[in-house]
Structure formats: structure tokens, C-alpha cells
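Engineer: Sequence below, structure please.
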Amino acid sequence: MDTDTVPVTGIDELDAHLDELIADPALPPVIKLFDDVELQLNDANIPPLIPRLLPKITEILVQYQQDPAVLCSLAIKLLGPVSFTQIMTMASEEALIQALRSPAPSANLLAMAILQKAARSPADAAILALMNSIVSAFLTTWLSAPQVEVGEKGTKVLGDLLDTDCDVPSGATATATLNGMEIAIRANPPGQGLMWRRVFHDRDIYGLILSLGSRGPHKSAEGGLSEQQLTLAQGRLLRLMPRLAALNLAAVSRTDFPDLNERYVSDASSDEGLLHFVALHMVDKEDLLMHLNLVDFFEELVSLQRITPYSTFKMDTLRKLMKDAINDDDRLRSAMANLPDRTVPEEADELRSFIREILQL
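Structural biologist: Presented below is the predicted three-dimensional model:
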């Protein structure tokens, strides 16, 4: 329906208020104006409003001194039908990095919503992979933000980007059930792998991830996290890695940077990848909560690996990983033994056989 016949009530008032905020960034927003307009927005009336409102919102956000939550919420709604490449013609890389580095979680979430649009196609994911500074700022915010919602959004965005850009065919779509929840592996067309290369084969990026997840003495100055932030960062890595291992086990099992392993993990093998860091070297098992998170990680890892295509490399990798993991961990050994009893009956036997094969029982 045309917006000329059903106008958006309050749009002129909001437009004028945006001009006021541009002139004086110290002004508080009139929240009701934003809420009233946002509630009326839909696929039909958003497009003509984008060139009218979005440039002003972008200009305000760059210099705004108040809580930008209502601005960011409206921007996300306006950007709904806009592609990643279209957004990048309207906003600079510097503005996106500024939003990612903002102490305001709403600004972080707006920036991540924009990055998530690059997961709609391998071509867009490849374009984002070339924006090294944005990727670095995104990963830093994902792992270091103290807000749970920012971490959850970042985990979803990074997983979606790497899913879309994975250059290894995933085979047929498959599902497994873990603790009553269905886990799916989607069969996307292969991507170009540029995002994978940026995350796992860029020395600075890979080192940044190790630094932000490490409890060791070599944490970077930029990534020096509090104990609470470190716990959150490790939890985010634990939640993401099973999905990435299901997409491309080889990529997460090896690294090009053995010296970084030695810097952050004294007892790591030289060619072990991020999967081994997360599974074997990252978590302090004396921390009961983190140990339970680690057990959950292994349960999800094994449940997903059961439904990925069989290969000798996969089985050898999992056998060695599990052998090292349960060597001094009775809690994990017990959890793996009774995991089939906590899955749906129709999958229990296959999962039990798979675990026995991995553990070589």
C-alpha cells in the first residue's frame, strides 16, 4: 500500500526532532516520537523513509552523547529490507567500527545486525572478510562485551557468516537431538572461504581470539579482560565451536601459527587449532561453572559430529581429542557415558555406538 494514502503518523515531527538532535547532540531524545513511528513501520512504508531518516540517524549516532537505544532500534527497523552492500554505501567503515566499540550495547547490536546481513550470501560475506578492521572490532566486541545480549548476538552472527562462507560442502541437511533440543546442520551451497581465512589464517585475528580467551600471562593490552568478561568470552567460544567444527573440522583443528599456541598455551601441540585450545587448554576446571560449560561443549560437539559425513580424519581427530580431554576428568567421562540416555530414544543407540567408537571402548 502506498505511503501517500496511509501516511506514517508523526513522521514530520520525528524528522524535525532528528534535526534538533543533529544541532545539539546533548539533547535527550523524545522517546514517544520514536516509538510511535517505529510501531507503524512495515515492508511497504519503510523504503521511502530510508533516504529521509537514515542519513540523519547515522549523523546523530556519530556524535551522540545520550543513550542511543531508541535511535538504534529505529535504525535496525529501517535497515530491514536493505542489503549489506547497500548499507555500506550509506555508512562508512569508520562509523561501523565506532558503533562496535561503543560502550552502549544498543550501538553494538545495531552494528552486528548490519554485519549479519553479510551472511545472506557468500558474495556479501566475502566482501566483509576484506574489511579487516571491522572484523577485528567485531570479534573484540563479541568476546569482551559484558552484556549477555551482545555476546549472544555476536555468536549468532559469526556462526551465520562462517556457515554461509564455508567452502566445504556440508552434505545433506541433518538433525540431532541434545537434551530435548533439536540441532540442525544446514546444507548451504559452498561459499568462497574468505571469512574462514580471515578468522583462522590471519595472524592478528587468530592471535586476538586466543588472547581474549586466554587466562595466561600474555594477554594483549587491548584485550585485558576482567574475570567476569573472561568467563563470558570463554563461554561464547564454547558455544560457537561445535557448530564451526561441524562445518569444517579441518579448519578448526589445525593452525598456521604454532608460535601463538606456545605464547598462550604452554603445553599445546604446535599445530593444534582453535578447537583444541577451547576444548583442552582454555578452561580452568577448578571453576565449577566453567567445567560444566565445558562438559556441555563436548556433549554438543559429539552430538553434532555424529551426524556429519564420516571420514577417517574426523574419527582420528575426535579420538585424540576425547582421549586427552577425559584423561583426568571423571565428570566428563561420566557425562559422555550417559549422554545417550539423555537423548531421544530413536537416536540413542546410534549415539551410543558413535561414542564407543570415539572412546575406543
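Engineer: make it CA atoms for all contacts and neighbour counts henceforth
Structural biologist: Noted.
Engineer: Assign Met241 to helix, strand or coil.
Structural biologist: Following DSSP: H, G, I helix; E, B strand; the rest coil, we place Met241 in the helix state.
Engineer: How many neighbouring residues does it have?
Structural biologist: The local packing of Met241 (other C-alpha atoms under 10 Å) involves 23 other residues.
Engineer: how about it, what does it touch?
Structural biologist: Counting by C-alpha atoms under 8 Å, 6 or more residues apart in numbering, Met241 touches Leu275, Val278, Leu301.
Engineer: can you tell me how far the first one sits from Pro25?
Structural biologist: Noted for Leu275: a distance of 45 Å to Pro25, by C-alpha to C-alpha, to the nearest Å.
Engineer: Looking at those two, which one has more neighbours?
Structural biologist: More crowded of Leu275 and Pro25, by other C-alpha under 10 Å: Leu275, with 23 against 17.
Engineer: my guess is that one meets Val252, correct?
Structural biologist: Yes. Applying C-alpha atoms under 8 Å as the test, Leu275 and Val252 come out as touching, 5.3 Å apart.
Engineer: overlap in contacts of these two?
Structural biologist: Taking C-alpha under 8 Å, 6+ apart as the contact rule, Leu275 and Val252 both touch Ala245.
Engineer: how about the strands in the stretch 1-150 of the chain?
Structural biologist: Counting by DSSP state E, counting those that start in this stretch, no segments of the stretch 1-150 of the chain form strands.
Engineer: where along it do the helices fall?
Structural biologist: Assigned by DSSP state H, counting those that start in this stretch, the helices in the stretch 1-150 of the chain fall at 11-23, 31-40, 50-63, 69-78, 84-90, 93-101, 105-116, 122-129, 132-144, 148-165.
Engineer: what's the distance between the fifth one and the middle of its chain?
Structural biologist: Distance of helix 84-90 from the chain centroid (C-alpha atoms, centre = their mean, to the nearest Å) equals 21 Å.
Engineer: Quick one: list the elements packing against it.
Structural biologist: helix 105-116 (3 or more C-alpha pairs under 8 Å, 6 or more residues apart in numbering; DSSP states H and E).
Engineer: what do you get for the longest one?
Structural biologist: If you count contacts as 3+ C-alpha pairs under 8 Å, 6+ apart, helix 148-165 packs onto helix 105-116, helix 122-129, helix 132-144, helix 194-201, helix 227-247.
Engineer: Return it as PDB; C-alpha atoms alone will do.
Structural biologist: Once side chains and other backbone atoms are set aside, the C-alpha atoms of helix 148-165 remain, and they are given as PDB (Å, rounded to 0.1, in the frame of the first residue of the first chain):
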ATOM      1  CA  VAL A 148      24.900 -11.100  27.600                       C
ATOM      2  CA  GLU A 149      22.700 -10.000  24.700                       C
ATOM      3  CA  VAL A 150      25.700  -8.600  22.800                       C
ATOM      4  CA  GLY A 151      27.600 -11.800  23.200                       C
ATOM      5  CA  GLU A 152      24.600 -13.900  22.100                       C
ATOM      6  CA  LYS A 153      24.100 -11.800  19.000                       C
ATOM      7  CA  GLY A 154      27.800 -11.900  18.100                       C
ATOM      8  CA  THR A 155      27.900 -15.700  18.500                       C
ATOM      9  CA  LYS A 156      24.900 -16.000  16.100                       C
ATOM     10  CA  VAL A 157      26.300 -13.500  13.600                       C
ATOM     11  CA  LEU A 158      29.800 -15.100  13.400                       C
ATOM     12  CA  GLY A 159      28.300 -18.600  13.100                       C
ATOM     13  CA  ASP A 160      26.000 -17.500  10.300                       C
ATOM     14  CA  LEU A 161      28.800 -15.700   8.500                       C
ATOM     15  CA  LEU A 162      31.100 -18.800   8.600                       C
ATOM     16  CA  ASP A 163      28.200 -21.100   7.700                       C
ATOM     17  CA  THR A 164      27.400 -19.000   4.600                       C
ATOM     18  CA  ASP A 165      31.000 -18.600   3.600                       C
END
